[in-house]
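Undergrad: got a predicted structure here, sequence first:
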There are 2 protein chains.
Amino acid sequence: MPYVPKPRRSIWMHGLQSEEPTPEQRAAQARELSQKLGVEVELPPIPRLEDLQLRPPRIRVPDKFASFCFTDTYERALHTKGDRLKEIRGIFENPPDVVAHPSTEDELEAVLEWCLANRYAVIPYGGGSSVVDGVTPPEGWDGIVTIDMDQFDRVLEVDKTSRAARIQAGVYGPHLEDQLRPHGLTLRHYPQSFTMSTLGGWIATRSGGHYATNHTHIDEFVESARMLTPKGWWEARRLPGGGAGPDPNRLVIGSEGILGIITEAWMRVQARPRFRATAGVLFDSWEAGYEATRRIVQAKLWPANLRLLDPLLAHEAAGLDGRHALLIIGFESGEVPQDWLIHQAVAIARDAGGKIDDDEIVISGSGEPTGRTGAVGAWREAFIPRSGAMPPGIGLITGTFETAITWDRWPAFDAALRETALRAMKEICGGGTVNCRFTHVYPDGPAPYYSFTGLYRPGLTHADWMALKTAVSDAIIANGGTITHHHAVGRMHRPWYDRERPEPFAIALRAAKQALDPDGVLNPGVLIDA
Amino acid sequence: MPYVPKPRRSIWMHGLQSEEPTPEQRAAQARELSQKLGVEVELPPIPRLEDLQLRPPRIRVPDKFASFCFTDTYERALHTKGDRLKEIRGIFENPPDVVAHPSTEDELEAVLEWCLANRYAVIPYGGGSSVVDGVTPPEGWDGIVTIDMDQFDRVLEVDKTSRAARIQAGVYGPHLEDQLRPHGLTLRHYPQSFTMSTLGGWIATRSGGHYATNHTHIDEFVESARMLTPKGWWEARRLPGGGAGPDPNRLVIGSEGILGIITEAWMRVQARPRFRATAGVLFDSWEAGYEATRRIVQAKLWPANLRLLDPLLAHEAAGLDGRHALLIIGFESGEVPQDWLIHQAVAIARDAGGKIDDDEIVISGSGEPTGRTGAVGAWREAFIPRSGAMPPGIGLITGTFETAITWDRWPAFDAALRETALRAMKEICGGGTVNCRFTHVYPDGPAPYYSFTGLYRPGLTHADWMALKTAVSDAIIANGGTITHHHAVGRMHRPWYDRERPEPFAIALRAAKQALDPDGVLNPGVLIDA
C-alpha cells in the first residue's frame, strides 16, 4: 500500500492549513482583542514554512524507507510539538529528525527495527493534540524518529452481530464515524479533541468522552488492542469479558507509547441513536447543582450526558444570568424510547431544587438531535473547539486543569482548588477568573474541569503559565485528586504523577518497560524513567 | 488485636464442620444414589481429624508468632487444597507447614518478612473456594506458609456520600453484607461461592457476580485496593475515575496472589434495592433464547440479572418441560421503580419469540424479592450451592467449565464445545449429558457456563476427570474463547492460559513479578513462572 499524503495540517494551530485564519481575519481579531482588553494587541503573523530554520536532520533515511519517511521542514516542524509560545513565532527547537508514515505493519516493524538497531528515540504519534507534551521529542538523543500513524486510517472489519469493529489506530474521529455510519453503527466516543485526535491516541491516553456516565473512558470500549512492541506483537483475544489474570488490554490502555505502538483495535460500537431526550435544569447555586448531580448519577439511570456548569461558566458559555448553575441531562438509545428515563432524572433534579418547565424537556424518536436549542444548545456551540479562538502569547494566561475526586471530599476540594487558582493568578498577573464544570460523573464522585483566565498583562511567559500550572497541580495532589482524569500524563504531568502512583506499581511498570524495551527508545521521559 | 478463632470449617467439603452431614444423612444419601444409579453406592466415611497422618511441619514457628501461626492438623489439613479425591478419603499429601492468621498489617508484614528471609513459599488465602488449585501449596519447596486472612474481616469505614466503603480483604460474603446492611448499603456482588469466599479472593481472581450485565466483575467495584508486596505497600488513591497511566488497580485485580497480599479495598457500594422486577420468559429453542438475550443486552437497559438456561438445564433446575429455554430477567434499584424497564425488556423478548403472561411479571416497590416463585424461584433454589450435594469420587464425572465469546462466533463455538464434551464423555465413561447457561451477558457476547455429568462408571479417577477437562479446555482455546471468565487461572488452567495470553504481556508480567518478588515466593506456579 503506497503512502498517500493527507491534507496538510497547520504547524501553527490544531487543524488544517486550509483552516488557518486569513490576514484579514487576523487583523479583525486583533482589533476585537484590543477593544476587549483596552490596549493595542498585536498578533504576530502566522509563520511561513519557507522562513523556518530547523536544525538539519541528524539521520539519513535508508533508501528503502524513502517513500514514507520524510525529513522536510513541514513534516518536522509539524511534529515538533515543543514550546507553543515559541512555535507560533516560528521557532522549532528540537524537531524530530525523521517523520515516518508507515502504511503497513511490515513497514512499521521495519522502521521500529531500524530505530532499535540505531538507538533512535521513537515517538508514536496519533493526532498530535496532546496538551501534556506527550509526543514532544525529548532532549538528549542523537536521533529522533516520530512515527505518525495517519496511514492506518481504515475500519477493517465490522461485526454487526457483536456490535464490534476492527479499526486502525491512526484514524481521526470524524473519519472513523464516517466509516461506521453506513453500517448504522457509531463508536459514540467524543473527547473534546474529537476532530484532531485518533483512536490510537485515545487508547494510549485513556481519553474521556461520551458517555458522561457509565462508560466514560475509552477503556471500556476496547475489546482487544493490537500493539507492536520491540519484543513482538501484543494482542489479546477478542472477548466480551474475561477473568484470566490481570487484563492484558488494561496495560496497553494508558501506556502512552512507552511499551509499544498501537496499530488497531477491536472496538465495541453501538447502534446509532434514534431516541433522544435532553433537559437543561437550572439551580440556584453551584452547591444545589452538584448535590442534584450526585443524586441522579447514584440512581444509575446511566444518562449519556450529565454535565454541570457552574454559574460563571453557565453565564459565559450558555448565556445564563451568572447566578444559576446549569445541569445538562441527555439520554439516547438506538432501541428504546427515552421519555421515561429523562422524566425520572428530571424528577430527581427537581426534588433537589432544580427548575425546568415540562415543555423544555426535548424528546425525539426520529434520530434528530435534541440538544441544539436554548442554553443547552448554546453550551454545545461553546464546547466544540474553534480554530484559533484565543491565540496564546498575547499576555493572557488561560488554560484548564481537570481531575477526579470522591463526593465526600468534593466540596472542600473545590474550595481549595478555586482558592489556589485565584491566589496564583493574583500573584502572577494581578487576578483572574476560574470556572468549573463536570465533564464526567460517577456514582462515587465527579470529574471536575476548571478553566482559568488571568488578567491581561503584557510580557507574560511560558514560565508564568507554568507557575500557575504548578500551583494548581500541587493543590490537586495535596487534596487527594488525580493529576489527570483524561488529559494523560505525558512529560508535563510527570512531577505530580510520580507523587500520585503507588511506588510498587512504578517498580512493576518500570520492570515491564525495561523487559519490553531494554534500550528505552519508546517515548522516553513519558510516564516513567526506565 | 489478638487472634480470634472462627467457627471450624470442614476439611471434607466447602462450609463449616457443623454443616457436615450426619452418618444418618450419609446413609440416606447413599441409598438415594444407589437407587438413582441402579448400583450399590458406598460413600466413604467423612475422615476424622484424629485419624489423619500429615507430613510433620518442616518449619518451627518463631515464638513471637505463636499466638497466630499454627501447625496443628486441623489448620494444615484445611489449607492443603490438593487432590480432592484423595482428601475426602483423608489423604493430605502436601500440606502447608504453617498456617498464619495475622490480625494486623504489622503482623502480616512480619510474617511476610520472615518468609522472604527464609525463602518459604507464601500462599495468600481467602476462603479456599478455588476450583483451579489457586491456593494449593506447590511441590518443590522446603517450607510453605499459608496466610489465611480471616482475621481481616471488618468494614472499617463507610462513606455514604460517595457510596463507598473501606473493607478488609478476609471478610466472607455474608459477613460483609451484615456489616453494610445497617448503613442501608450493599456491595451486591454475588459469585456462586458467596458464602464460602472473601472480598480479597474476589479481587485477586476477578470474580463475577451481580450484576449480570453492565458491571459483572468485581473489577468495576474496586475504587482502590491495598496490597502488601515484598517491596512495600501498593495502594492507589481513592478515585471515581482516572486517566493517569495504566490503572494501577487493574494489575492488582486478577493477580491471584503472585504480586502481593491484598489486605483491604475501598469498594463502590450501593443503596439496598427497594424496587424490583422479575420475569421468566420461555423460548421454543435455545437459539431463539440466545438471540433474544443478545437483543436485550444490546438495548443497554442494564438489567441486574439476565440469565439464560438451555432446555436441559431449565428442565433439571427449574422444572420446565425440557423443550423450552428459560430467560430470567431481573431489574432492581434503590431509587427508581423498575416497571418500565422490565416491560421494555419483556417487549424485546416477546418480539424475539419469548412467551410470558403479563401477570407473570413480578414487580415490587417494597424491597421484597421478586424472584422467588415459579420457574425463576426454582432455578434460584438450584443455583444456591448445597453442602455435599453430589459427593465426588463415587464413579461419576461431573463438573463445569465456563468462558466468554463474542456473539458472531457463539453458535459455532457452542456446537463445538457441546460436541467435544459429549465425545469425551463417550470415550471416558460411555456417555453423559451437558447443559449450558449464560451467567453473564455483554453487548458483544455471552459468558456461557457448561455443566457436564458423565454416565456412572465405578473406578473413575482424577486422571479421567482431567482428560475431560483437557478436551474441553483445548476446544475453548481452539475456538477463540478464554480459559476462564470468572473461575481464575490458578495452577490448573495454566497450560491453556499460557496459550491464550499475548507473549509480550507475559514478558511484562514476569518482569513485574521478578521486580516485586525476586525470590518468587508468592504463590509459586500460579499465572506465570518467574
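TA: It's in.

Undergrad: now A:Val99: which helix or strand?
TA: Under the criterion of DSSP states H and E, A:Val99 resides in strand A:98-100.

Undergrad: hmm, the helix or strand following that strand touching chain B?
TA: Helices and strands here follow DSSP H and E; after strand A:98-100, the next one along the chain is helix A:105-118. No - Helix A:105-118 lies out of reach of chain B by C-beta under 8 Å from any C-beta of the partner chain, never closer than 13.1 Å. Any C-beta I mention is one placed from the backbone N, CA and C, and that applies to glycine too.

Undergrad: helices or strands next to helix A:105-118 in the packing?
TA: Based on contacts counted as 3 or more C-beta pairs under 8 Å, 6 or more residues apart in numbering or on different chains; DSSP states H and E, the elements that helix A:105-118 packs against are strand A:121-125, strand A:144-148, strand A:222-229, strand A:261-268.

Undergrad: now distance to chain B too, for those strands, in TSV please.
TA: Compiled in TSV, the helices and strands packed on helix A:105-118 are given as follows (distance: least, C-beta to the nearest C-beta, whole Å):
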stretch	distance to chain B
strand A:121-125	15
strand A:144-148	18
strand A:222-229	5
strand A:261-268	5
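
Undergrad: dump those strands into TSV; add mean neighbour count as well.
TA: TSV is the format used below for the helices and strands packed on helix A:105-118 (neighbours: other C-beta atoms under 10 Å in any protein chain shown):
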stretch	mean neighbour count
strand A:121-125	27
strand A:144-148	26
strand A:222-229	24
strand A:261-268	26
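
Undergrad: what about the residue lying closest to A:Lys160 once chain neighbours are set aside, how many residues nearby?
TA: Nearest residue to A:Lys160, sequence neighbours excluded (C-beta to C-beta, 6 or more residues apart in numbering or on different chains): A:His183, at 6.3 Å. Burial measure for A:His183: 16 neighbouring residues, criterion other C-beta atoms under 10 Å in any protein chain shown.

Undergrad: mind checking how far A:His183 is from chain B?
TA: Noted for A:His183: a distance of 14 Å to chain B, by C-beta to the nearest C-beta, to the nearest Å.

Undergrad: ok, that residue - contacts?
TA: Contacts for A:His183 were tallied using C-beta atoms under 8 Å, 6 or more residues apart in numbering or on different chains; they are A:Val158, A:Lys160, A:Ala165.

Undergrad: do A:Leu468 as well
TA: With contact set as C-beta under 8 Å, 6+ apart, A:Leu468 has these partners: A:Ile397, A:Gly399, A:Ala421, A:Ala424, A:Met425, A:Ile428, A:Phe452, A:Gly454.

Undergrad: change it to 7 Å
TA: Neighbouring residues of A:Leu468 by C-beta atoms under 7 Å, 6 or more residues apart in numbering or on different chains: A:Ile397, A:Ala424, A:Met425, A:Ile428.

Undergrad: what residue in chain A is the furthest from its centre?
TA: Ranked by distance from the centre of chain A (C-alpha atoms, centre = their mean), the top residue is A:Asp63, with 36.2 Å.

Undergrad: per-residue pLDDT, that residue?
TA: Each residue has a pLDDT score; the one for A:Asp63 is 98.

Undergrad: wait, which of the contacts of A:His183 is closest to chain B?
TA: A:Lys160 (8.4 Å; C-beta to the nearest C-beta).

Undergrad: could you report the separation of that closest one from B:Trp407?
TA: 10 Å (C-beta to C-beta, to the nearest Å).

Undergrad: also A:Asp444?
TA: Distance check for A:Asp444 against B:Trp407: by C-beta to C-beta, it reads 31 Å.

Undergrad: returning to that earlier point: the helices and strands packed on helix A:105-118 into a markdown table, with extra columns for mean pLDDT and distance to B:Asp284?
TA: Formatted as a markdown table, the entries for the helices and strands packed on helix A:105-118 read as follows, by pLDDT from 0 to 100; distance: least, C-beta to C-beta, whole Å:
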| stretch | mean pLDDT | distance to B:Asp284 |
| --- | --- | --- |
| strand A:121-125 | 98 | 52 |
| strand A:144-148 | 98 | 55 |
| strand A:222-229 | 98 | 31 |
| strand A:261-268 | 98 | 30 |
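
Undergrad: just send those strands back as JSON lines, with distance to B:Gly353 too.
TA: Conversion of those to JSON lines gives the following (distance: least, C-beta to C-beta, whole Å):
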{"stretch": "strand A:121-125", "distance to B:Gly353": "49"}
{"stretch": "strand A:144-148", "distance to B:Gly353": "51"}
{"stretch": "strand A:222-229", "distance to B:Gly353": "28"}
{"stretch": "strand A:261-268", "distance to B:Gly353": "26"}
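
Undergrad: remind me which residues of chain A are low pLDDT?
TA: By pLDDT under 70, the weakly predicted segments of chain A are A:384-394.

Undergrad: span of stretch A:215-229 from start to end?
TA: The first and last residues of stretch A:215-229 sit 28 Å apart, counting by C-alpha to C-alpha, to the nearest Å.

Undergrad: please parse chain A into its domains.
TA: For chain A, the structural domains run A:17-148, A:155-271, A:275-379, A:398-487, going by automatic domain parsing.

Undergrad: tell me how many other residues surround A:Glu32.
TA: Other residues within reach of A:Glu32, judged by other C-beta under 10 Å, total 11.

Undergrad: ramachandran coordinates for it?
TA: Backbone geometry at A:Glu32, expressed as degrees, to the nearest 10, gives phi -60, psi -40.

Undergrad: ok, now which ones touch A:Glu427?
TA: The contact partners of A:Glu427, by C-beta under 7 Å, 6+ apart, come to none.

Undergrad: quick check: it vs A:Tyr450, distance?
TA: With the distance defined as C-beta to C-beta, A:Glu427 ends up 17 Å from A:Tyr450.

Undergrad: now do the same for A:His440: helix, strand or coil?
TA: strand (DSSP: H, G, I helix; E, B strand; the rest coil).

Undergrad: what does A:Ala471 give?
TA: Strictly by three-state DSSP, A:Ala471 counts as helix.

Undergrad: how many neighbours does it have?
TA: By the measure other C-beta under 10 Å, the count of residues near A:Ala471 is 18.

Undergrad: near chain B, which residues of the stretch 251-400 of chain A show up?
TA: Proximity of the stretch 251-400 of chain A to chain B, by C-beta under 7 Å from any C-beta of the partner chain, involves residues A:251, A:253-256, A:268, A:298-302, A:333, A:335-336, A:340, A:344.

Undergrad: related to what we said a few turns ago, got the contacts of A:Leu468 as JSON lines, with neighbour count columns?
TA: Compiled in JSON lines, the contacts of A:Leu468 are given as follows (neighbours: other C-beta under 10 Å):
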{"residue": "A:Ile397", "neighbour count": "23"}
{"residue": "A:Ala424", "neighbour count": "24"}
{"residue": "A:Met425", "neighbour count": "22"}
{"residue": "A:Ile428", "neighbour count": "20"}
